[in-house]
Structure formats: C-alpha cells, structure tokens
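Visitor: Kindly return the folded structure for what I paste below:
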Amino acid sequence: MPPGQKTTTPDVKKAAAMSTGKSTATPQVAQPGIAPNRTAITMQAQQTLDLLHQRLTDVEARVTNNANAFLAQAQSQPLQAMAQSSPDLRNQLPTLIASLQKAATMTQASQNTRSQALSNVRAKLQSLMQSKT
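Guide: As a prediction, the model looks like this:
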C-alpha cells in the first residue's frame, strides 16, 4: 500500500484472511450435522405440541365438566325456587345458562379445530424431518 493511503476495515479483514489462507466468502456447503439437528428440533417441536395439546384438553375437560355441573344445578328445583324469589337471579339466570351453554359448545368446537390443526402440523413436521435439505 502506498504511503499516506488509509486502510479501511474491510481491507484489513481481507488482508488478514489472505495472510492466513482463509477465504472471506461464506461457505455454501451443507453441514453434516443438519439432518440430526433437524430431527432433534422436529422431535422437540412434536413433544411440545403434544404437551400443549394435553394441557389444553385437560383445561377444556374441566370447563365442560364444570359447565355441565352448573347447568344441572341451575335446572334443579331448589335453584329454580330461589330464582322465583329473587328478581335479579330470575332475570339473570337464563342469560347465564345460555352463556354457559355457548361456552361449552365453543369449547367442543375449539377441541375439534385444534385436533385438525395439530394433525396438519404433525404432518408438516414429519415431512420436514424426512426432507434431505
């Protein structure tokens, strides 16, 4: 380099790479460990999905059980008699029951939708795991 000319950072890096025999180009060669890493990541994703699915299924089962228990209680003779003696309860009970029935229906629909989505994700993960690159 002629005297008085400044060196820039990229020039310094190129010179250092050339003096060590290293290339500054990014290698485009596939790494041999990619397939095992892909398999491990895919299996971890499947395990995580299964765990989430199980937890959501448990929560939804509790929602359904509690909703059904409340609906049975709301239709019992003692609660119906109490509703007749309380104007607030008499006015709000039908709305509460309808809301609870809707929540139970939506919970079931959510389970069905999630099961379909989970099947699709599993198939895609399986495809990813089996792909070569």
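Visitor: Would you point out which residue is most central in the protein?
Guide: For the chain, L49 is the residue whose C-alpha lies nearest the centre (Cα atoms, centre = their mean; 6.8 Å).
Visitor: show me what contacts it?
Guide: Going by Cβ atoms under 8 Å, 6 or more residues apart in numbering, L49 touches 118, 121-122, 125. C-beta here means a position set from N, CA and C on the backbone, and glycine is covered the same way.
Visitor: Now for the chain: which helix has the highest residue count?
Guide: The longest helix of the chain (DSSP state H) is helix 87-130.
Visitor: from the chain's centre, how far out does that one sit?
Guide: Remark: helix 87-130 is offset 15 Å from the chain centroid, using Cα atoms, centre = their mean, to the nearest Å.
Visitor: So for stretch 111-122, mean pLDDT?
Guide: What stretch 111-122 shows for mean pLDDT is 90.
Visitor: buried ones in it?
Guide: 111, 118, 122 (16 or more other Cβ atoms under 10 Å).
Visitor: now do stretch 66-77
Guide: Neighbour-count burial for stretch 66-77 [16+ other Cβ under 10 Å]: A67.
Visitor: Now it - C-alpha only, PDB.
Guide: Only the C-alpha atoms of stretch 66-77 are listed here, as PDB (Å, rounded to 0.1, in the frame of the first residue of the first chain):
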ATOM      1  CA  ASN A  66     -67.900 -27.600  35.500                       C
ATOM      2  CA  ALA A  67     -70.300 -26.200  32.900                       C
ATOM      3  CA  ASN A  68     -72.400 -29.300  32.900                       C
ATOM      4  CA  ALA A  69     -72.400 -29.500  36.700                       C
ATOM      5  CA  PHE A  70     -73.600 -25.800  36.900                       C
ATOM      6  CA  LEU A  71     -76.200 -26.400  34.200                       C
ATOM      7  CA  ALA A  72     -77.500 -29.400  36.200                       C
ATOM      8  CA  GLN A  73     -77.600 -27.300  39.300                       C
ATOM      9  CA  ALA A  74     -79.300 -24.400  37.600                       C
ATOM     10  CA  GLN A  75     -82.100 -26.700  36.400                       C
ATOM     11  CA  SER A  76     -82.600 -28.200  39.900                       C
ATOM     12  CA  GLN A  77     -85.800 -27.500  41.900                       C
END
